[in-house]
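Novice: The following comprises the amino acid sequence and a computationally predicted model.
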Amino acid sequence: EAQVTQNPRYLITVTGKKLTVTCSQNMNHEYMSWYRQDPGLGLRQIYYSMNVEVTDKGDVPEGYKVSRKEKRNFPLILESPSPNQTSLYFCASSPTKAEQFFGPGTRLTVL
Amino acid sequence: GENVEQHPSTLSVQEGDSAVIKCTYSDSASNYFPWYKQELGKRPQLIIDIRSNVGEKKDQRIAVTLNKTAKHFSLHITETQPEDSAVYFCAATTNDYKLSFGAGTTVTVRA
């Protein structure tokens, strides 16, 4: 089954404790992206990657890191999480110039 | 960067009536305008999209119109049904990768 998976789905952590949210797709898509969703703000792009080893900043990259060492994986790293990073996070993948397929989401709470 | 504004933020319609959501964008170079639907607790899913070389596109009960001169595009849902109740997001991009989303419209279809 073609899909985008994210792990964990839910995470409660404390300020400053490094964490990684994994994202994996099995559709051989070149493009992957991370978004955060906050009430009243819609979806805001954090980082995107057009292919292996090619990443670029979205609209809200501060406090986040990404890497794209393999085509199928695009992890999101929070080196020192803060409460303002409490949010619902979505990973997405897409074949070039086409529909984005979103993962199920990761709800992160930073205390 | 691109700024996308979406109106209204909430919309309540009687079943069978039409619903219209409007988005404006700031970057005249934007050339791809997708619409995503997000049901409660689910991931966003593409429902229709339009490119800047097209003025209108239809898919059954949904249609999107684009006015490049005025820099706005709209989603039209006809003969609304209860399953149309969801949050709808518009988006715009100049390169298919760096997507800027509107804040979303919560549509409620009253039976």
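Specialist: Sure thing, it's come through. This one's a predicted model, so the numbers in the text were calculated from it and none came from an experiment.

Novice: Once you drop chain neighbours, what's closest to the residue nearest in space to the middle of chain A?
Specialist: Taking C-alpha atoms, centre = their mean, the centroid of chain A lies closest to residue A:34, which sits 3.2 Å from it. Of all residues not flanking residue A:34 in the chain, residue A:46 sits nearest, at 4.3 Å (C-beta to C-beta, 6 or more residues apart in numbering or on different chains). The way it works is simple: take the backbone N, C-alpha and C, and place the C-beta from them, glycine included.

Novice: and if you look at residue A:41?
Specialist: Leaving aside its sequence neighbours, residue A:41 sits nearest to residue B:103 (C-beta to C-beta, 6+ apart; 5.9 Å).

Novice: Could you do residue B:34 as well?
Specialist: Residue B:34 sits nearest to residue B:49 (C-beta to C-beta, 6+ apart), 3.9 Å away.

Novice: So what touches the strand or helix carrying the residue nearest to the centre of chain A?
Specialist: Using DSSP states H and E, residue A:34 sits within strand A:31-38. Strand A:31-38 has contacts (C-beta atoms under 8 Å, 6 or more residues apart in numbering or on different chains) with A:23, A:25, A:43-51, A:58, A:60, A:64, A:66, A:68, A:74, A:76, A:85, A:87-96, A:100, A:105, B:96-97, B:99, B:101.

Novice: so of those, which ones are in strands?
Specialist: Those of the contacts of strand A:31-38 mapping onto strands are A:23, A:25, A:43-51, A:66, A:76, A:87-94, B:101, per DSSP state E.

Novice: State whether the residue nearest to residue A:34 and residue A:65 are indeed in contact, as I suppose.
Specialist: No: using C-beta atoms under 8 Å, residue A:46 is not in contact with residue A:65; the gap is 9.9 Å.

Novice: Neighbour count: those two, which is higher?
Specialist: Neighbours were counted for residue A:46 and for residue A:65 using other C-beta atoms under 10 Å in any protein chain shown; residue A:46 has more, 24 against 14.

Novice: Any idea how many residues pack against the nearest residue to residue A:63 once chain neighbours are set aside?
Specialist: In space, and not counting its chain neighbours, residue A:63 is closest to residue A:85: 6.0 Å by C-beta to C-beta, 6+ apart. Counted by other C-beta under 10 Å, the residues lying close to residue A:85 total 20.

Novice: how much space between residue A:85 and chain B?
Specialist: Plainly put, residue A:85 is 18 Å away from chain B if you go by C-beta to the nearest C-beta, to the nearest Å.

Novice: do you know how far that residue is from residue B:17?
Specialist: 40 Å (C-beta to C-beta, to the nearest Å).

Novice: same deal with residue A:8?
Specialist: 41 Å.

Novice: Residue A:89 now?
Specialist: 35 Å.

Novice: re the thing from before, the inter-axis angle of the strand holding residue A:34 versus strand A:42-51?
Specialist: 160 degrees (axes from the mean of the first three to the mean of the last three C-alpha atoms, to 10 degrees).

Novice: list the buried ones in strand A:31-38?
Specialist: A:31-37 (16 or more other C-beta atoms under 10 Å in any protein chain shown).

Novice: out of the residues you listed, which one sits closest to chain B?
Specialist: residue A:31 (6.2 Å; C-beta to the nearest C-beta).

Novice: Report the beta-bridge partner residues of that closest one.
Specialist: residue A:94 (DSSP bridges).

Novice: tell me the pLDDT at it?
Specialist: We note a pLDDT of 94 for residue A:31 in this prediction.
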